[in-house]
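Trainee: sequence and predicted structure below; questions after.
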Amino acid sequence: MSHSSTAPPSRPSSPAPLYRRQAVRIACAQYDVKLGRVSENAAKVARMTRHLQPGSLDLLVLPEMCLSGYVFNHPTAILPYLEPQRIGPTSLLAQSLAQRLRCHVIAGYPEALPSAPQPPETDAERSQSESNAGPSSMKQLEGEGTGVGWNSAVVVAPSGEVVGNYRKTFRFETDKSWAKEGDGFSHFDLPEPLGRVAVGICMDMNPKDFIAPWDAFELANYCRDNAVDMLVVPMNWLSPPEEPPEDTPEQDPNAPSESNLNYWAARLTPLHDPVPGYASARGQAADPIGGKEVIFVACNRIGSEEGTTFIGTSSVMTISSEPSRIELVECCNVSEERVLLATVG
């Protein structure tokens, strides 16, 4: 794993060439995650992906917190669903999928602290434990207000080996009720045709806390400065508020959210309209196809939780800076459960 640095690394440290010698085959599983139903959600992913053939993909992406669901408004609510690295249900599912399909898998999950108290195993035990918990034990369960885990994503190789773990850097309000802030943006050097892959999670696409300057472009600038080949973002992206409701056209359930596609493209501005240019790293020959190309993968979910509606629109885009270009390769609509398949040549 590689982390951010003050200067872009030399290009040869990435396993991918300046242009891709073979197509990249990407899948995103978009579905309605049911809050707290880990086994049911895992079974759904297994059903949705069973038609995929081994060797047909290079990368499969699952949404943010893909088995637990997302809207946990209190630390004790999420405690039973926090997962240890490598051996939690999301990691085990990702490892199984990676080995069967012979591809890399990236999946979001709520990561437990290494020293986190172990939750009860059954619903009855959970209820009994919470009813018996006094102030001191509840304080321990809640991490004393400092966070009981991280909103994370695991990266698994085709062998089933866990080769990366990323913790969400910019927390949404729901995250702040239980999750600690991550260590900063990260990227992973993976074999061709994937190359240098940065992983972000949902809110990482936004200005920090929604108060940082719009043109700080934190995540996109990280990708530019570190010569990233692909940005993969598991999401629980919401339907935008209607302002004012009478002027907002109703979203077609059989179409993608164009406002969110445009928003994501705008947040990636440094990759397609950079100053200075992002065509090639210092000392390297220009890309023969006319500029650095970055693949953007957004894997979102659908459905509602606790009155919160998710907007789907999982998508794959290609982004180039020379000439300035952003192209939508494939996307889902706002309501469908399906495995999006996209090939980037």
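Mentor: Looks like it came in fine.
Trainee: what ranges of the stretch 101-250 of the chain fall below the confidence cut-off?
Mentor: Flagging of the stretch 101-250 of the chain using pLDDT under 70 yields the residue ranges 116-145, 240-248.
Trainee: would you map the strands across the stretch 1-150 of the chain?
Mentor: For the stretch 1-150 of the chain, the strands defined by DSSP state E, counting those that start in this stretch occupy 2-3, 24-30, 59-61, 104-112, 149-156.
Trainee: which strand residues bridge the most centrally placed residue in the chain?
Mentor: Ranked by distance to the mean C-alpha position of the chain (C-alpha atoms, centre = their mean), the top residue is residue 234 at 2.0 Å. Beta bridges link residue 234 to residue 299, judged by DSSP bridges.
Trainee: touching, it and residue 60? I think so.
Mentor: No - using C-beta atoms under 8 Å, residue 234 is not in contact with residue 60, being 11.4 Å away. In short, each C-beta sits where N, CA and C put it, glycine included.
Trainee: so what sits against both of the two?
Mentor: In terms of C-beta atoms under 8 Å, 6 or more residues apart in numbering, residue 234 and residue 60 are both contacted by the residues residue 106.
Trainee: tabulate the strands of the stretch 1-150 of the chain in a markdown table, adding columns for mean neighbour count.
Mentor: As requested, these are exported to a markdown table (neighbours: other C-beta atoms under 10 Å):
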| stretch | mean neighbour count |
| --- | --- |
| strand 2-3 | 12 |
| strand 24-30 | 25 |
| strand 59-61 | 26 |
| strand 104-112 | 27 |
| strand 149-156 | 27 |
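Trainee: so which of the ones you listed is nearest residue 332?
Mentor: strand 24-30 (4.8 Å; C-beta to C-beta).
Trainee: mind checking the pLDDT average for that closest one?
Mentor: Mean per-residue pLDDT for strand 24-30: 98.
Trainee: how many other residues sit next to residue 267?
Mentor: Look at residue 267: counted by other C-beta atoms under 10 Å, it has 19 neighbours.
Trainee: got it, and residue 114?
Mentor: By other C-beta under 10 Å, 7 other residues sit near residue 114.
Trainee: go on, residue 184?
Mentor: 12.
Trainee: could you measure from the residue nearest to the centre of the chain over to residue 159?
Mentor: 21 Å (C-beta to C-beta, to the nearest Å).
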